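Chemist: need a 3D model of the following:
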Amino acid sequence: MVARLLLRAWTRGHAVGPGPLCRPLSSDLGSGEYLQRSIVPTMHYQDSLPRLPIPKLEDTIKRYLRAQRPLLDDDQFRKTEQFCKSFENGIGKELQEQLVAQDKQNKHTSYISGPWFDMYLTARDSIVLNFNPFMAFNPDPKFEYNDQLTRATNMTVSAVRFLKTLRAGLLEPEVFHLNPAKSDTDTFKRLIRFVPSSLSWYGAYLVNAYPLDMSQYFRLFNSTRLPRPTRDELFTNEKARHLLVLRKGHFYVFDVLDQDGNIVSASEIQAHLKSILSDSSPAPEFPLAYLTTENRDVWAALRQKLVSGGNEEALRKVDSAVFCLCLDDVPIEDLVHLSHNMLHGDGTNRWFDKSFNLIIAKDGTAAVHFEHAWGDGVAVLRFFNEVFKDSTQTPAITPQSQPARTDSSVAVQKLNFKLNDALKTGISTAKEKFDATVKTLTIDIIRFQRGGKEFLKRQKLSPDSVAQLAFQMAFLRQYGQTVATYESCSTAAFKHGRTETIRPASIFTKRCSQAFVREPAKHSAGELRQMMTECSMYHGQLTKEAAMGQGFDRHLFALRYLAAAKAIVLPELYQDPAYGQINHNILSTSTLSSPAVNIGGFAPVVPDGFGIGYAVHDNWIGCNVSSYPGRNAREFLQCVEKALEDIFDAIEGKCIKT
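Modeler: Modelled structure (predicted):
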């Protein structure tokens with residue numbers, strides 16, 4: 001069933017959906033206001049989505065112990081086993097009963113949704129590097145369309161078309177098709193649209209189609225994360241019609257929808273963006289955007305000072321804007337520079353709290369940087385794919401198009417903020433912290449050209465399992481040990497599903513890694529191949545379990561959250577050092593694949609970890625790794641490359657070089 005979803009998430013749960021870039025449309029586009037006109041309403045399946053199951057406690061404990069086995073020595077493992085037995089037969093059993101009872105009373109949502117929102121919104125660390133990732137677009141295939149003004153105009157129009165299509169219920173529902181010849185057809189769509197929403201999921205299920213949760217999509221637009229003491233707030237105002245544009249640290253707003261809800265003409269949008277790009281004002285001495293990089297409690301206090309200092313109306317325009325368009329004044333030098341620029345930039349030209357920032361560099365290189373609390377990457381990647389497709393296949397303007405003859409000085413409002421000494425000091429302090437932090441981040445990239453998905457599938461090996469095995473081999477070669485590893489998998493096949501964790505470090509990858517790294521001469525290529533097959537099969541099992549909501553991480557998290565909510569003393573299982581260790585994810589990994597994506601990335605989730613964004617393409621494997629001092633991303637990638645060479649040699653029956 002959804003076992004084959006293989007929906008991945010970006011660090012800390014950025015789920016990425018498999019939706020095809022060029023999906024068939026249900027009817028003609030007609031008006032340029034819409035990307036598509038689906039005959040099946042966008043939210044048609046939402047009411048009948050199955051609910052995220054709560055795993056049996058005994059299954060969760062078994063899976064947890066299996067994941068702990070490669071990380072612990074015998075004595076540590078025995079202690080952890082004892083903690084698990086006590087938990088399963090004692091307080092864990094009580095918490096499980098309460099969790100199940102609570103879930104039955106909240107059938108409109110999932111058991112993980114509330115705790116997961118809380119996890120993000122109560123976190124006090126800066127959201128920059130700690131939470132927000134980026135995805136960079138491939139260039140427009142037509143070279144001349146990569147001009148900054150042309151691409152910014154086309155992507156803005158396409159983004160607003162997506163907004164209108166979504167809100168009109170004309171966006172194709174997000175569905176995973178196991179048999180597209182039966183389910184992704186006009187015939188099926190014409191039938192399923194007449195099935196009541198309360199039953200529609202079952203109709204799709206009969207033809208091996210699995211609709212995905214779309215409850216997060218409404219937060220894509222007009223949304224921001226507001227800093228508040230102890231717990232932030234998600235804010236959305238769907239009535240706002242204006243775009244927020246940042247350039248050189250200055251804030252501009254202008255309407256992209258008119259009073260009737262129609263998209264402002266592309267030539268007018270082009271004229272307004274051209275006007276902003278021609279503004280020669282020097283960068284502000286105290287760029288306000290730095291405040292969004294601060295500790296959340298610090299930012300909350302400073303925001304209150306901004307409001308009381310007469311900036312409430314300007315902040316309201318920032319918060320309610322359709323989205324944030326960032327026009328950068330520097331061209332991109334290479335992929336490493338691209339990653340740094342799109343992940344954090346210089347701190348002056350992003351509003352990191354917005355649901356997403358659409359960034360267009362001086363040379364037209366484009367990316368989406370997104371805030372994570374409001375949802376996972378299923379919605380972001382769908383938006384990303386549709387905007388790329390629309391802006392490249394049906395662009396609103398050409399490089400020869402002339403901007404409208406309009407008075408942009410009237411239509412475009414430049415926001416001015418009144419800053420007192422306390423706010424200026426706050427901005428300066430935020431800048432110092434931000435600059436000091438980003439200086440410590442190293443990013444490096446490899447592209448392994450020897451083969452990819454096509455070759456590995458012919459060998460009956462899971463491409464994802466091979467990439468994950470390479471990471472295990474690389475870390476063992478570099479540091480001599482097996483460590484906690486995180487790979488996130490979407491549970492969007494369920495109502496209000498979020499993510500589940502795949503634990504790629506297993507007894508199988510440990511044994512296989514040791515054979516490759518420490519004793520290759522002792523094993524024939526056939527023996528190594530057999531071990532890889534075992535790794536692949538077990539990784540496939542873990543992926544199926546996670547996609548079906550049958551992992552252990554979210555379940556244990558929810559039980560712990562419930563214990564805290566009931567003021568129950570923290571159970572011993574959670575005080576076990578092994579529990580802390582497996583949740584200290586030194587290897588935080590995430591994969592995505594889309595014809596629209598050039599590269600994606602994120603920072604490590606722990607100071608002594610690696611952030612590993614990767615993709616197994618048809619004929620090559622890409623890997624984008626970040627690290628802080630104490631770890632070496634370049635050396636790690638060299639070890640990954642060596643691991644992939646060894647794996648491919650073993651597949652081809654060659655001797656492994658030491």
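Chemist: only C-alpha atoms from now on, for both contacts and neighbour counts.
Modeler: Noted.
Chemist: tell me which residues in stretch 106-121 are buried?
Modeler: Using 16 or more other CA atoms under 10 Å as the test for burial, stretch 106-121 gives 109, 110, 111, 112, 113, 115, 116, 117, 120, 121.
Chemist: mind giving me the domain ranges of the chain?
Modeler: Using the TED database, the domains assigned to the chain come out as 121-172+217-440, 175-211, 442-652.
Chemist: just to revisit the earlier point, just the buried residues of stretch 106-121: which are in helices?
Modeler: If you go by DSSP state H, these have 113, 115, 116, 117, 120, 121 in helices.
Chemist: who's in contact with the fourth one?
Modeler: With contacts taken as CA atoms under 8 Å, 6 or more residues apart in numbering, residue 117 has the following neighbours: 373, 374.
Chemist: could you report the pLDDT at it?
Modeler: You'll see residue 117 listed with a pLDDT of 96.
Chemist: find the nearest non-adjacent residue to residue 257, please.
Modeler: residue 263 (4.5 Å; CA to CA, 6 or more residues apart in numbering).
Chemist: list the contacts for that neighbour?
Modeler: Contacts of residue 263 (CA under 8 Å, 6+ apart): 33, 157, 160, 161, 256, 257.
Chemist: can you tell me which residues contact the fifth one?
Modeler: Just to be clear, that refers to residue 256. Residues near residue 256 by CA under 8 Å, 6+ apart: 160, 241, 242, 243, 263, 264, 269.
Chemist: possible to save the residues you listed as JSON lines with pLDDT and distance to residue 375?
Modeler: Conversion of the contacts of residue 256 to JSON lines gives the following (pLDDT from 0 to 100; distance: CA to CA, whole Å):
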{"residue": "160", "pLDDT": "98", "distance to residue 375": "20"}
{"residue": "241", "pLDDT": "97", "distance to residue 375": "22"}
{"residue": "242", "pLDDT": "98", "distance to residue 375": "23"}
{"residue": "243", "pLDDT": "98", "distance to residue 375": "21"}
{"residue": "263", "pLDDT": "97", "distance to residue 375": "26"}
{"residue": "264", "pLDDT": "96", "distance to residue 375": "29"}
{"residue": "269", "pLDDT": "98", "distance to residue 375": "29"}
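Chemist: pretty sure residue 424 contacts residue 285?
Modeler: No - taking contacts as CA atoms under 8 Å, residue 424 lies outside contact range of residue 285: 9.1 Å.
Chemist: between those two, tell me which one has more neighbours.
Modeler: residue 424 (17 against 10; other CA atoms under 10 Å).
Chemist: quickly note the distance from the more buried one to residue 507.
Modeler: Using CA to CA, to the nearest Å, we find residue 424 at a distance of 54 Å from residue 507.
Chemist: which residues touch stretch 121-137?
Modeler: Under the criterion CA under 8 Å, 6+ apart, residues 10-12, 230-233, 292-297, 342-344, 352, 365-373, 388, 596-605 lie in contact with stretch 121-137.
Chemist: list buried residues within those residues.
Modeler: Using 16+ other CA under 10 Å, the buried members of those are 10-12, 231-233, 292-297, 342-344, 352, 365-373, 388, 596-605.
Chemist: burial of residue 179, as a residue count?
Modeler: 11.
Chemist: which residues touch the nearest residue to it once chain neighbours are set aside?
Modeler: Leaving aside its sequence neighbours, residue 179 sits nearest to residue 208 (CA to CA, 6+ apart; 6.0 Å). Residues counted as contacts of residue 208 (CA under 8 Å, 6+ apart) are 1, 177, 178, 179, 183.
Chemist: on that earlier part again, turn the domains of the chain into a markdown table, columns for distance to residue 46.
Modeler: Listed next are those as a markdown table, based on distance: least, CA to CA, whole Å:
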| stretch | distance to residue 46 |
| --- | --- |
| domain 121-172+217-440 | 12 |
| domain 175-211 | 7 |
| domain 442-652 | 7 |
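Chemist: nearest residue to residue 368 in space, please, no chain neighbours.
Modeler: residue 358 (4.8 Å).
Chemist: helix/strand/coil for the one you found?
Modeler: Assigned by DSSP: H, G, I helix; E, B strand; the rest coil, the conformation of residue 358 is strand.
Chemist: from residue 134, how far out is it?
Modeler: Distance from residue 358 to residue 134, counting by CA to CA: 10 Å.
Chemist: joint contacts of those two?
Modeler: Common neighbours of residue 358 and residue 134, counting by CA under 8 Å, 6+ apart, are 367, 368, 369.
Chemist: go ahead and confirm the second one touches residue 356.
Modeler: Yes - Residue 368 is within contact range of residue 356, at 6.5 Å (criterion: CA under 8 Å).
Chemist: tell me what the strand or helix carrying residue 487 is packed against?
Modeler: Under the criterion of DSSP states H and E, residue 487 resides in strand 485-490. Applying 3 or more CA pairs under 8 Å, 6 or more residues apart in numbering; DSSP states H and E, we find strand 485-490 packed against strand 8-10, strand 14-16, strand 499-502, helix 525-547, strand 587-591.
Chemist: out of the ones you listed, which is closest to residue 315?
Modeler: strand 14-16 (27.8 Å; CA to CA).
Chemist: what mean pLDDT does that closest one get?
Modeler: Averaged across strand 14-16, pLDDT comes to 36.
Chemist: can you count the residues close to the residue nearest to residue 604 when sequence neighbours are not counted?
Modeler: Nearest in space to residue 604, with sequence neighbours left out and distances taken as CA to CA, 6+ apart, is residue 611 at 4.0 Å. Applying other CA under 10 Å, we find 27 residues neighbouring residue 611.
Chemist: now do residue 657
Modeler: Look at residue 657: counted by other CA under 10 Å, it has 12 neighbours.
Chemist: can you check residue 275 too?
Modeler: Look at residue 275: counted by other CA under 10 Å, it has 15 neighbours.
Chemist: pLDDT score for residue 555?
Modeler: 98.
Chemist: how about it, what does it touch?
Modeler: So residue 555 contacts 54, 55, 60, 112 (CA under 8 Å, 6+ apart).
Chemist: tell me which element it is part of?
Modeler: Assigned by DSSP H and E, residue 555 belongs to helix 553-565.
Chemist: after that helix, next one along is what?
Modeler: Sequence-wise, the next helix or strand downstream of helix 553-565 (DSSP H and E) is helix 572-575.
Chemist: then that next one to CSV, C-alphas only?
Modeler: Output in CSV follows, covering the C-alpha atoms of helix 572-575 (Å, rounded to 0.1, in the frame of the first residue of the first chain):
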residue,chain,number,x,y,z
GLU,A,572,13.2,5.9,33.5
LEU,A,573,13.2,4.9,29.8
TYR,A,574,13.6,8.6,28.9
GLN,A,575,16.3,9.1,31.5
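Chemist: roughly how far is the next helix or strand after that helix from the heart of the chain?
Modeler: Sequence-wise, the next helix or strand downstream of helix 572-575 (DSSP H and E) is helix 577-582. Put simply, helix 577-582 sits 25 Å off its chain's centre (CA atoms, centre = their mean, to the nearest Å).
Chemist: so what touches helix 577-582?
Modeler: Looking at what lies outside helix 577-582 - CA under 8 Å, 6+ apart - the contacts are 68, 71, 72, 76, 80, 483, 484, 485, 573, 574.
Chemist: returning to that earlier point: ok so the residue nearest to residue 604 is a strand residue?
Modeler: Yes - looking at residue 611 with three-state DSSP, it is inside a strand.
Chemist: export the helices and strands packed on strand 485-490 to CSV and tack on distance to residue 647?
Modeler: Shown next, in CSV, are these (distance: least, CA to CA, whole Å):
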stretch, distance to residue 647
strand 8-10, 23
strand 14-16, 27
strand 499-502, 22
helix 525-547, 8
strand 587-591, 19
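Chemist: out of these, flag the one nearest residue 377.
Modeler: Proximity to residue 377 (CA to CA) singles out strand 14-16 among the helices and strands packed on strand 485-490, at 4.4 Å.
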